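Student: Quick one, fold the following:
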Amino acid sequence: MRTTVWSVLIVAAFSTVARAQENNGGAPQVPAPAQTAVPAEIPKSYTVTLGVDFPTAYLFRGIHQESAGMIAQSPIDLGVALGKGVSLNVGQWYSMHSGPTGNFYEADYYGSMTFTAGKLTPGVLFTSYTSPNDRFSTVHELAAFVSLDDSASPFPLAPKATVAFELDGQADGGASQGTYLELAIKPALKVIDGARPLMLAVPVRVGLSLKDYYEGPNGSDTFGFFSTGLIASVPITAGKVVWDVHGGLDVSWLGTNTKFLNGNDAMKPVGIFGITITY
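Tutor: So this is what the prediction gives:
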């Protein structure tokens, strides 16, 4: 999120529902908390996802948060199947820092509903972005998203679109509550099969302001960031538990106002290593 002088501000992420993280990590999506798919042969009415990521820097939708010291980001997510094609997710997402922004920098709380209709999965997400060490003021946000399951395609892209509305507070510390648009794809390829398969993914995201989201000294900027990179992951199934060890590099190219919040650097590379556990 942001420092007290608003030089910095994420959900899903989350992945199946959003965030908080994919940080987004995101990481995270609100880096968001990531949720690893449960194998089809283990039908469950609920999933529990835990994990930790160690990025070399923290950017929330292109807005710089922290680059110094160690950063540890952890999701806690509960997903419940409510009926055919309907699921509920609730959870928390934390960002702990040893750098100037302080130890307990961010704690996000969220709830979402998703509805599967054929290959489309639309949903809604409410997130409360908070700072336990008071480095930024709380931001409440309501988002709508839709993803397309094109896994049967010869070249699946896993496209997803998100529109987020700030209800209270501003991500950039500006004067007006903004509306954010994110377009994303994540083509992936299994390069090694077997009990410990190796997956390579190329996440691509662009963040745009539909209204007053990327505010700065010279007014509102439409373009926030464009990012891409290469992420390797090794999912390992052990009974009902899926372990996912992942790492890679993500590079963001920043707009005018996000560049200003990043010390006037127009490009920001971020390395990441993490583990996700889904039961």
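
Student: And the strands in the stretch 151-279 of the chain?
Tutor: Secondary structure of the stretch 151-279 of the chain by DSSP state E, counting those that start in this stretch: the strands cover 160-168, 179-185, 188-192, 198-201, 204-211, 214-216, 219-221, 223-238, 241-254, 267-278.

Student: what ranges do the helices span in the chain?
Tutor: 256-260 (DSSP state H).

Student: so where's it shaky on pLDDT?
Tutor: 1-43 (pLDDT under 70).

Student: Mind doing that once more with 80?
Tutor: The chain contains residues with pLDDT under 80 at 1-44, 173, 194-195, 218.

Student: still on that earlier bit, what about the strands of the stretch 151-279 of the chain, which gets the closest to T101?
Tutor: strand 267-278 (15.7 Å; Cβ to Cβ). In this view, the C-beta of every residue, glycine as well, is placed from N, C-alpha and C.

Student: Would you give the sheet partners of that closest one, along with the direction of each?
Tutor: Strand pairing for strand 267-278, determined by DSSP bridges: strand 46-53 (antiparallel), strand 241-254 (antiparallel).

Student: Throw the ones you listed into CSV and include distance to G263, thanks.
Tutor: Formatted as CSV, these follow (distance: least, Cβ to Cβ, whole Å):
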stretch, distance to G263
strand 46-53, 23
strand 241-254, 10
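
Student: Can you lay out those strands as a markdown table showing distance to D265 and mean neighbour count?
Tutor: Below are the strands paired with strand 267-278 laid out as a markdown table (distance: least, Cβ to Cβ, whole Å; neighbours: other Cβ atoms under 10 Å):
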| stretch | distance to D265 | mean neighbour count |
| --- | --- | --- |
| strand 46-53 | 22 | 19 |
| strand 241-254 | 8 | 18 |
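
Student: Any idea which of those strands gets closest to N218?
Tutor: Nearest to N218, of all the strands paired with strand 267-278, is strand 241-254, at 14.7 Å by Cβ to Cβ.

Student: For that closest one, give me every contacting residue.
Tutor: Residues from elsewhere that reach strand 241-254, judged by Cβ atoms under 8 Å, 6 or more residues apart in numbering: 34, 36-39, 51, 59, 62, 203, 224-237, 262, 265-279.

Student: 7 Å instead?
Tutor: Outside strand 241-254, the residues that touch it by Cβ atoms under 7 Å, 6 or more residues apart in numbering are 36, 38, 59, 62, 203, 225-236, 262, 266-279.

Student: on that earlier part again, can you tell me which of the strands paired with strand 267-278 is nearest to A72?
Tutor: When the strands paired with strand 267-278 are compared (using Cβ to Cβ), the closest one is strand 46-53, at 5.8 Å.

Student: Centroid-wise, who is the farthest residue in the protein?
Tutor: Distance from the centre of the chain peaks at G194, with 28.6 Å (Cα atoms, centre = their mean).
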